[in-house]
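Novice: Mind looking at a prediction? Sequence and model below.
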Protein chains: 2
Amino acid sequence: MKIHFWSVGKAHESYVKEGTMLFTKRIAHYFPIQWKIIPSAKEDVKNAENIKMEEGKKILSLLSTDDILIALDENGKQFSSPQLAELIQKKANESTRNLIFLIGGAYGIHETVLNRSNIKWSLSHLVFPHQLVRLVLAEQIYRACTILRNEKYHHS
Amino acid sequence: MKIHFWSVGKAHESYVKEGTMLFTKRIAHYFPIQWKIIPSAKEDVKNAENIKMEEGKKILSLLSTDDILIALDENGKQFSSPQLAELIQKKANESTRNLIFLIGGAYGIHETVLNRSNIKWSLSHLVFPHQLVRLVLAEQIYRACTILRNEKYHHS
């Protein structure tokens, strides 16, 4: 199984780059892993709904039918770190080829993409900036890998 | 009201330092703000409970009676970002002098400190590394400040 992190927006900002790369490199010891940065819809697409729709079309065009898509969405389900680890294990056991974690743009993820997603996952009741979500996501997936291997990193 | 971030452990690690300092500087436009790094109990204090107790004594000795203590604890209550903003406003309105957010050490916060705390706050069902919590905390308190001033930063 290959893990993919897709994020709508710009390149990693300086304040999250080191940490995001650090945990991404660590994940690579467990699964092949790749980041894809999907450019935001242009500013001349005025309202939030249109921006999300434009971005949504792009995301849907990038997906293959058998990709498992986990959309990070504030209305999604919360998982504990061990539950997240179980989820990754389950997907690997189901012979998933591509497990994609998607971070939406500034206005979130369009309904059509949420409907296509296999799981909607909320990190927290708090809203985090999309750049910081990249770092949190990478750390959590790394943590999940260490839980699956019963390694020391995670204190529950 | 002055805001304090207390964290048990080492100096900010490189991967969170830039972001933590960035948001701390931004908070300073709204409230006086100060970090205090409280050294972890020595490694020769063997078990988790003893480590927490040692650290707890130190923390209690640093507190004044009228300090409002918000302990970051995974069994605490979760807040949305607007609820967090309300909480800060409420504490400011109550003429709080010192509002202290406490991040525990690797094994968490001792019961005696949790009992002394005014609020126990859980960021998420996920467990984050204590260094990353520093960055998330600083960003969230900055976000709360912008919500209180009705500024643009927070998209709900």
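Specialist: Alright, I've got the coordinates. Numbering: from 1, shown residues only, chains lettered A, B, ... in the order given.
Novice: now the helices for chain A?
Specialist: A:14-27, A:48-62, A:81-93, A:111-116, A:130-148 (DSSP state H).
Novice: Between these, which one is closest to chain B.
Specialist: Between chain B and the helices of chain A, the tightest spacing by Cβ to the nearest Cβ is seen for helix A:14-27, at 3.6 Å. For glycine as for every other residue, the C-beta is placed from the backbone atoms N, C-alpha and C.
Novice: Show me which residues of chain A are close to chain B?
Specialist: Contacts of chain A with chain B, taken as Cβ under 8 Å from any Cβ of the partner chain, map to A:14-16, A:18-19, A:22, A:78-81, A:83-84, A:106-107, A:123-129, A:132, A:135-136, A:139-140, A:143, A:154-156.
Novice: Quick one: buried ones out of these?
Specialist: A:15-16, A:18-19, A:22, A:79, A:81, A:84, A:107, A:123-129, A:132, A:135-136, A:139-140, A:143, A:154 (16 or more other Cβ atoms under 10 Å in any protein chain shown).
Novice: for the record, mean pLDDT for the longest strand along chain A?
Specialist: In chain A, with assignment by DSSP state E, the single longest strand is strand A:68-77. For strand A:68-77, the mean pLDDT works out to 96.
Novice: how distant is it from the center of its chain?
Specialist: On the basis of Cα atoms, centre = their mean, to the nearest Å, strand A:68-77 sits 8 Å off its chain's mean C-alpha point.
Novice: cool, and stretch A:84-104?
Specialist: 10 Å.
Novice: can you check stretch A:25-37 too?
Specialist: 12 Å.
Novice: How about it, which residues are buried there?
Specialist: Neighbour-count burial for stretch A:25-37 [16+ other Cβ under 10 Å]: A:26-27, A:30, A:33.
Novice: what does stretch A:7-14 give?
Specialist: For stretch A:7-14, by 16+ other Cβ under 10 Å, it's A:7-9, A:12-13.
Novice: what's in contact with that stretch?
Specialist: A:20-21, A:35-40, A:55, A:59, A:102-106, A:130-131, A:133-134, B:18 (Cβ atoms under 8 Å, 6 or more residues apart in numbering or on different chains).
Novice: one more time with 10 Å
Specialist: Contact partners of stretch A:7-14, identified using Cβ atoms under 10 Å, 6 or more residues apart in numbering or on different chains, comprise A:17-21, A:24, A:35-41, A:51-52, A:55-56, A:58-59, A:72, A:101-109, A:129-135, A:137, B:18-19, B:22.
Novice: need the contact list for A:Trp121.
Specialist: A:70-74, A:76-79, A:84, A:87, A:101-102, A:137, A:140.
Novice: Roughly how far does the residue nearest the centre of chain A sit from chain B?
Specialist: Nearest residue to the geometric centre of chain A (Cα atoms, centre = their mean): A:Phe101, 2.7 Å. The spacing between A:Phe101 and chain B, counted by Cβ to the nearest Cβ, to the nearest Å, is 14 Å.
Novice: contacting residues around A:Leu148?
Specialist: Counted by Cβ under 10 Å, 6+ apart, A:Leu148 has contacts A:30, A:82, A:85-86, A:88-89, A:92.
Novice: let me redo that: A:Ser124
Specialist: A:74, A:78, A:133, A:136, B:78-81, B:122-126, B:128, B:136, B:140.
Novice: give me that answer again for 8 Å
Specialist: If a contact means Cβ under 8 Å, 6+ apart, then A:Ser124 has A:78, B:78, B:123-126 as its contacts.
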